[in-house]
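Asks: predicted model and sequence follow; I will ask about them next.
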Amino acid sequence: MFKKVLVANRGEIAVRIIRACRELGIETVAVYSEADRHALHVRYADEAYLLGPAPSRESYLRADKILDIAKKSGADAIHPGYGFLAEREDFSAACEENKIAFIGPKPSAIAAMGDKMTARNTVAAAGVPVVPGTEGEAGLPDNELLAIAPQIGFPLLIKATAGGGGKGMREVKSIEEMPALLQSARREAESAFGDGNVYLEKLVEGARHIEIQILADSHGNVIHLGERECSLQRRHQKLLEEAPSSELDEELRNRMGTVAVKAAQAVNYVNAGTIEFLLDKDRNFYFLEMNTRLQVEHPVTEMVTGIDIVKEQIRIARGRALTYKQEDVKFNGHAIECRINAEDPYNGFMPSTGRITHSLLPTGPGVRVDTGVYPGFEITPFYDPMIAKLIVWGETRAQAILRMRRALEEYRIVGVRTNIPFHQTMMDSHRFMAGQYDTRFVEERFSMEEAEEYRKNHEEVAAILATLVAHRTTERSAQIVQRNERDTSNWKWVGRWERMHR
Amino acid sequence: MKYITTINDKEFLVEVLDDHHVSINGKTYQVDFEAVSGQPVYSLILDGKSHEAYVREGDDAWQVLLRGRLYPAKVEDEREKRLRVAAGGGVAEGGEYHLKAPMPGLVVAIPVEEGQEIKKGQVLLILESMKMQNELKSPRDGVVNRIKVKAGESVEQKQALLSVH
């Protein structure tokens, strides 16, 4: 097994990886930016090294510095987590050149799946169904994309070829609005990935976002761990994930799983990966993209399969065969994950920065919280607004919802605004309870007002609380120092006391 | 002592009768109210019902975090309310509105120009922060008066960005 793993990331995922390493008896090396000196991953690791200033371009994206630290510290492997360098083909290759194991796929697989156009072409050739869209070469100029658009049909999506997480993605309803949207998509893609190339894809309306987790070792074994339902998104950013999906039955799960395995085999994939699909109303599914890394939402799969995906990743990178065969993978119960973001759901989900003054995590049966923050931690504008992942498990979906509702009520974060009220409203939503939702649900049919009755019922209590605290504060500040009860000054009184006790 | 406490535009008349009694909109409750372990955490037993909340003073309102939900509450005594009303307080529909940066970030684009007429809800500025582009919108109709920043500029929290007349 590896002796020392460098974790090239921050926040909850760095903590998650450090925990897996500890359980495997592997030492860990953390890297951090100036803004993260007090971060939890720095404190939990065995060693920690400064990368540079807060902006990720000067710290967590500095592959050269990270490799230097890996060599200096004697790390024999690097785990990139998600984001930052996780899907950089050149970083995986540089690790190989420096004889440091990259805990992730080979550069060739990252390249094939990283460029979304190439990925579409590769899996389509292997017989995997893809969403209709731009075919052939990537990096087409605006005039060619404008010419192709009517053939694909509206509404359609402009997507960044190097994309992910909804960045550089725009929905287009008509040809008239397309030039401006192409420009803003390219600008966002350039800023996020350093690559402004985009392509077009038909917008599958009323679709659900279903993704299949796969594990592949270097001995040719590929298995899938079932699906995750990730349809609840806002601006193409996932907010809530669950496993299994209420829309799939065993037959469809097996079919999608088999296709996912085929897609991974098409690029000789090794390590953990996720194949994302769109499932339409008629239960047809289409390949969307492959994420060649560990994903934010991996815990829901861990909760229903009992498989530690991070540990499997480390074992696979060491050259070990998978611990599980497909027939060993059993699904038990239901898991839900809520991403707790520093965002204000009452104000258009505007990010909220500041210091977390108090934080009390929910605990109890079936509750897991993955986080990198603690009371006193500063939420800065430099990184993602995600501050924690709240994951619950229940024997049934209904039990998991009730448990999530309870856990959200227990969760206390003070100092920054969070989207906890959004998740609470979602748990109370009848459509969510019934499992009747798609990728447009949050933006088009969900309203924070929907379950506001509960909130209104407690306004009176909140008013009493605020008034009592304000009243106490006023009274305290208005307090007049009482006259000394003694008939004389303290000095005279002390003198008298001393004379009496001589 | 009588207070007027406003939550989400709803006014509550709260009277602290004594250490163990409070009336709200004329209804009296027995209260047992304690701060917990020197933190802004409060335990309130209201006619036998137990509530726990975090209450802290925000910039312009008290922030009450109760059962995971945040309630911004403005607490004024009768004198303060009279003064505010006399001074024409409340949400100004006229006059100048100053758009301030709600968080530090990078100005990505300013899709309006000085002198341009704008409608309520129209995007005034796009600010990139936490890896997301956030659209800052106008709270009312008006004319863009002065733009104080440029695209590509980094701004601090609460920095004035532009004003609407």
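Replies: Received the coordinates, thanks.

Asks: after the helix or strand of chain B with the lowest mean pLDDT, which helix or strand is next?
Replies: The weakest-scoring helix or strand in chain B, judged by mean pLDDT, DSSP states H and E, is helix B:78-86 (a mean of 80). For helix B:78-86, the following helix or strand on the C-terminal side (DSSP states H and E) is strand B:97-100.

Asks: which helices and strands sit right next to that following strand?
Replies: Applying 3 or more CB pairs under 8 Å, 6 or more residues apart in numbering or on different chains; DSSP states H and E, one finds that strand B:97-100 makes contact with strand B:160-164. C-beta here means a position set from N, CA and C on the backbone, and glycine is covered the same way.

Asks: what comes up buried for the strand it packs on?
Replies: For strand B:160-164, the buried set under the neighbour-count rule, 16 or more other CB atoms under 10 Å in any protein chain shown, comprises B:L161, B:L162, B:S163, B:V164.

Asks: residue contacts, the second one?
Replies: Looking back up the chat, that one is B:L162. Shown in contact with B:L162 (CB atoms under 8 Å, 6 or more residues apart in numbering or on different chains): B:H98, B:L99, B:I110, B:V112, B:L124, B:L125, B:V144, B:N145, B:R146, B:I147, B:K148, B:V149.

Asks: pLDDT added to those, as JSON lines?
Replies: As requested, these are arranged in JSON lines below (pLDDT from 0 to 100):
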{"residue": "B:H98", "pLDDT": "88"}
{"residue": "B:L99", "pLDDT": "91"}
{"residue": "B:I110", "pLDDT": "93"}
{"residue": "B:V112", "pLDDT": "93"}
{"residue": "B:L124", "pLDDT": "93"}
{"residue": "B:L125", "pLDDT": "93"}
{"residue": "B:V144", "pLDDT": "93"}
{"residue": "B:N145", "pLDDT": "88"}
{"residue": "B:R146", "pLDDT": "90"}
{"residue": "B:I147", "pLDDT": "93"}
{"residue": "B:K148", "pLDDT": "93"}
{"residue": "B:V149", "pLDDT": "94"}
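
Asks: give me the buried subset of those.
Replies: Counted by 16+ other CB under 10 Å, the contacts of B:L162 give B:L99, B:I110, B:V112, B:L124, B:L125, B:V144, B:I147, B:V149 as buried.

Asks: what about the closest residue to A:T134 other than its chain neighbours, how many residues nearby?
Replies: Spatially, and ignoring its direct neighbours in sequence, A:T134 is nearest to A:Y199 (4.2 Å; CB to CB, 6 or more residues apart in numbering or on different chains). Neighbour count for A:Y199, taken as other CB atoms under 10 Å in any protein chain shown: 24.

Asks: and the gap between A:Y199 and chain B?
Replies: Computed as CB to the nearest CB, to the nearest Å, the A:Y199 to chain B distance reads 20 Å.

Asks: poorly predicted segments of chain B, please.
Replies: B:88-94 (pLDDT under 70).

Asks: so the closest residue in space to A:A243 that isn't next to it in sequence, which of the three states?
Replies: Once flanking residues are discounted, A:A243 sits nearest to A:V300: 4.1 Å by CB to CB, 6+ apart. At A:V300 the chain is in helix, as set by DSSP: H, G, I helix; E, B strand; the rest coil.

Asks: burial check on A:V300, number of neighbours?
Replies: 30.

Asks: ok, A:V29 next?
Replies: A:V29 has 25 neighbours, counted by other CB under 10 Å.

Asks: ok, and it, which helix or strand is that part of?
Replies: A:V29 belongs to strand A:27-33, assigned by DSSP H and E.

Asks: name the helices or strands packed onto that strand?
Replies: strand A:4-7, helix A:11-24, helix A:40-44, strand A:47-52, helix A:63-73.

Asks: which of those sits most buried?
Replies: Most buried of the helices and strands packed on strand A:27-33 by mean neighbour count (mean count of other CB atoms under 10 Å in any protein chain shown) is strand A:4-7; its value is a mean of 26.

Asks: strand partners (parallel or antiparallel) of it?
Replies: strand A:27-33 (parallel), strand A:77-79 (parallel) (DSSP bridges).

Asks: about what we covered before: from the contacts of B:L162, pick the one nearest A:N490.
Replies: B:H98 (52.7 Å; CB to CB).

Asks: how far away is the closest one from chain A?
Replies: 17 Å.

Asks: wait, B:F12 sits on B:T5?
Replies: Yes: B:F12 lies in contact with B:T5 (CB atoms under 8 Å); the separation is 4.7 Å.

Asks: show me the shaky parts of chain A.
Replies: For chain A (pLDDT under 70), the answer is A:450-454, A:478-488, A:502.

Asks: nearest residue to the middle of it?
Replies: Residue closest to the average C-alpha location in chain A (CA atoms, centre = their mean): A:V296, at 3.5 Å.

Asks: helix or strand: which one has the closest residue in space to that residue that isn't next to it in sequence?
Replies: Nearest residue to A:V296, sequence neighbours excluded (CB to CB, 6+ apart): A:Y82, at 6.1 Å. Under the criterion DSSP H and E, no helix or strand holds A:Y82.

Asks: for A:Y199, same thing?
Replies: In this assignment (DSSP H and E), A:Y199 forms part of strand A:198-202.

Asks: residue 31 pairs with what?
Replies: In the absence of a named chain, chain A is used. Listed by DSSP bridges, the beta-bridge partners for A:V31 are A:Y49.

Asks: that's the other chain; I wanted chain B
Replies: B:L46.

Asks: can you confirm A:N332 is in a strand?
Replies: No: counting by three-state DSSP, A:N332 is not found in a strand; it is coil.

Asks: that one is in contact with A:V304, isn't it?
Replies: Yes: assessed by CB under 8 Å, A:N332 is found in contact with A:V304 at 5.9 Å.

Asks: of those two, who's got more company?
Replies: A:V304 (24 against 11).

Asks: ok, so what distance separates that one from chain B?
Replies: For A:V304 relative to chain B (CB to the nearest CB), the value is 25 Å.

Asks: what sits up against the helix or strand containing that residue?
Replies: In this assignment (DSSP H and E), A:V304 forms part of helix A:298-305. With contact meaning CB under 8 Å, 6+ apart, helix A:298-305 is reached by A:213, A:225-226, A:228, A:241-244, A:272, A:307-310, A:329-337, A:368, A:370, A:389, A:391, A:393.

Asks: likewise stretch A:139-152?
Replies: Looking at what lies outside stretch A:139-152 - CB under 8 Å, 6+ apart - the contacts are A:132-134, A:156, A:158, A:161, A:172, A:175, A:178-179, A:182, A:197-202.

Asks: now a ChimeraX select for only the buried ones of the residues you listed.
Replies: Buried members of the contacts of stretch A:139-152, identified by 16+ other CB under 10 Å, are gathered into one ChimeraX selection as follows:
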select /A:133,134,156,158,161,172,178,182,197,198,199,200,201,202
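
Asks: who are the neighbours in contact with residue 39?
Replies: All of this refers to chain A. Counting by CB under 8 Å, 6+ apart, A:A39 touches A:R10, A:G11, A:A14, A:Y32, A:G372, A:F377.

Asks: wait, chain B
Replies: B:Q39 neighbours (CB under 8 Å, 6+ apart): A:H358.

Asks: redo that, cut-off 10 Å
Replies: A:T357, A:H358, A:P375, A:V414, B:Y54, B:R56 (CB atoms under 10 Å, 6 or more residues apart in numbering or on different chains).

Asks: quick check: buried residues in the helix or strand where B:Q133 lies?
Replies: For B:Q133, the host element (DSSP H and E) is strand B:132-137. In terms of neighbour count (16+ other CB under 10 Å), strand B:132-137 has its buried residues at B:M132, B:Q133, B:N134, B:E135, B:L136.
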